[in-house]
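Enquirer: Here is the input, now give the coordinates:
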Amino acid sequence: MAGLNLRFTDEELDALRERAQAEGRSMQAFAHDAVLEAVHEHARLFEEAAEHVLRASAELNRRLA
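Expert: Numbers count the residues shown, from 1 in each chain. Prediction:
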């Protein structure tokens, strides 16, 4: 499995540690899941925007036909 090194300020690392501990998880597991959640959310937002553009374009194309 591939790895990734991330750099955090002391304050960021403290916040990560506190949040992971509050959820009863390791910092690595918490950070891993947070990154994947951000990736999936970006993809979801892109798909929503694309669907919106397609709907708007369909109406415009219908009017121009």
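Enquirer: Helices along this protein, start to end?
Expert: 10-22, 27-64 (DSSP state H).
Enquirer: Compare these and give me the one nearest residue 4.
Expert: Residue 4 lies closest to helix 27-64 among those, at 8.4 Å (CB to CB). Where you see a C-beta, it was placed from the backbone N, CA and C, and this is true even at glycine.
Enquirer: Report the buried residues of the worst-scoring helix or strand of the chain on mean pLDDT.
Expert: Every helix and strand in the chain was compared by mean pLDDT, DSSP states H and E; the lowest is helix 27-64, with a mean of 90. With burial defined by 16 or more other CB atoms under 10 Å, the residues of helix 27-64 counted as buried are 30-31.
Enquirer: ok, now stretch 11-22?
Expert: In stretch 11-22, counting by 16+ other CB under 10 Å, buried: 16, 20.
Enquirer: ok now that stretch, how far from the chain's centre?
Expert: Distance, stretch centre to chain centre, for stretch 11-22: 19 Å (CA atoms, centre = their mean, to the nearest Å).
Enquirer: Stretch 27-44 too?
Expert: With CA atoms, centre = their mean, you get 5 Å for stretch 27-44.
Enquirer: now the residue nearest to the spatial centre of the chain: how far from residue 61?
Expert: Among the residues of the chain, the one closest to the centroid is residue 38, at 1.2 Å (CA atoms, centre = their mean). Applying CB to CB, to the nearest Å, the value for residue 38 to residue 61 is 34 Å.
Enquirer: cool, and residue 47?
Expert: For residue 47, the distance to residue 61 - CB to CB - is 21 Å.
Enquirer: so residue 17 sits right up against residue 26, yeah?
Expert: No: Residue 17 lies out of contact with residue 26 (CB atoms under 8 Å); the separation is 9.9 Å.
Enquirer: Now do the contacts for residue 55.
Expert: Contact analysis of residue 55 by CB atoms under 8 Å, 6 or more residues apart in numbering lists nothing.
Enquirer: returning to what we had before: can you redo the helices of the chain as JSON lines with distance to residue 1?
Expert: Output for the helices of the chain, formatted as JSON lines (distance: least, CB to CB, whole Å):
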{"stretch": "helix 10-22", "distance to residue 1": "20"}
{"stretch": "helix 27-64", "distance to residue 1": "11"}
